[in-house]
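A.B. asks: I would like the atomic coordinates for the input below:
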Amino acid sequence: MRIFFIVPVLIFSLFSVFVTFTSAQESNLSVEPSSTPSASVADSFDLFWPLSAGKTESDSFYSLKLLKEQVRGWFILGDVRKADYEVLLGTKRVLEAEKLLKEGKTNLALKTLGRADSEFTSAYSHIKKADSKGELSTGEIRKDRLINVRRLIDYLKIVIPEEVRLKLDGVKESADKILRDYLP
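C.D. replies: Predicted coordinates for the structure are as follows:
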């Protein structure tokens, strides 16, 4: 009887390790900001290490990555912890969008930025709920990720096509809203 419990747990663990295993990689955009000479280059490797884009919308196993993240989210209890996890997922989506933009896959980058915006919006809702219950502990939410997302987006807006800038502004506003309202 115990084997029926151990085998699925072992399979899920191996699957989780397989999908999660990505090497951190440096991702610099090759385009130099020419319109604003004072703009500093945002290096996502330095800003977010050990996070990296990993699989993106253009990869065949991306849906498994999203499923794994969703299942992991089901086991996170508490609004503050859920919010922090959603900030992590939103950050990963921004990194994926950066990678897709570097590869010239603008439509997929826009779709990924939509997912990032959705994650940050959901994080805001969980923070608001925790605050209304008096359970908000801002030390549990990675404020640095949100700040670095803003920095990366500001840089990307200089070097990316015009059609992506509005979507980036929306994602940045969602991250700013969390910082402004709950993590000053």
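A.B. asks: Flag every buried residue along stretch 50-61.
C.D. replies: For stretch 50-61, burial by neighbour count (16 or more other C-beta atoms under 10 Å) applies to L51, S52, A53, G54, K55, T56, E57. (C-beta placed from N, C-alpha, C; glycine too.)
A.B. asks: brain fart, stretch 172-184
C.D. replies: For stretch 172-184, burial by neighbour count (16+ other C-beta under 10 Å) applies to K172, S174, A175, D176, K177, I178, Y182, L183.
A.B. asks: so what's the closest residue to the second one other than its chain neighbours scoring on pLDDT?
C.D. replies: If I follow you right, that is S174. The shortest distance from S174 to any non-neighbouring residue, by C-beta to C-beta, 6 or more residues apart in numbering, is to F120 (3.6 Å). Model confidence at F120, given as pLDDT, is 97.
A.B. asks: returning to what we had before: closest to K111 among the buried residues of stretch 50-61?
C.D. replies: For those, the closest approach to K111 (C-beta to C-beta) belongs to E57, at 5.9 Å.
A.B. asks: coming back round to it: figure out how far the strand or helix carrying the residue nearest to S174 is from the centre of its chain.
C.D. replies: Assigning secondary structure by DSSP states H and E places F120 in helix 106-133. Remark: helix 106-133 is offset 9 Å from the chain centroid, using C-alpha atoms, centre = their mean, to the nearest Å.
A.B. asks: now for that helix, which elements pack on it?
C.D. replies: The helices and strands touching helix 106-133, judged by 3 or more C-beta pairs under 8 Å, 6 or more residues apart in numbering; DSSP states H and E, are helix 79-102, helix 162-182.
A.B. asks: and those helices as TSV, adding distance to D46 and mean pLDDT?
C.D. replies: Formatted as TSV, the helices and strands packed on helix 106-133 follow (distance: least, C-beta to C-beta, whole Å; pLDDT from 0 to 100):
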stretch	distance to D46	mean pLDDT
helix 79-102	12	96
helix 162-182	18	92
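A.B. asks: pLDDT below threshold where in the protein?
C.D. replies: 1-41 (pLDDT under 70).
A.B. asks: Give me the residue at the spatial middle of it.
C.D. replies: In the chain, the residue lying closest to the centroid (C-alpha atoms, centre = their mean) is T91, at 2.1 Å.
A.B. asks: Spatially, what comes nearest to that one if we skip its sequence neighbours?
C.D. replies: Of all residues not flanking T91 in the chain, R145 sits nearest, at 4.7 Å (C-beta to C-beta, 6+ apart).
A.B. asks: Show the contacting residues for K133.
C.D. replies: D79 (C-beta atoms under 8 Å, 6 or more residues apart in numbering).
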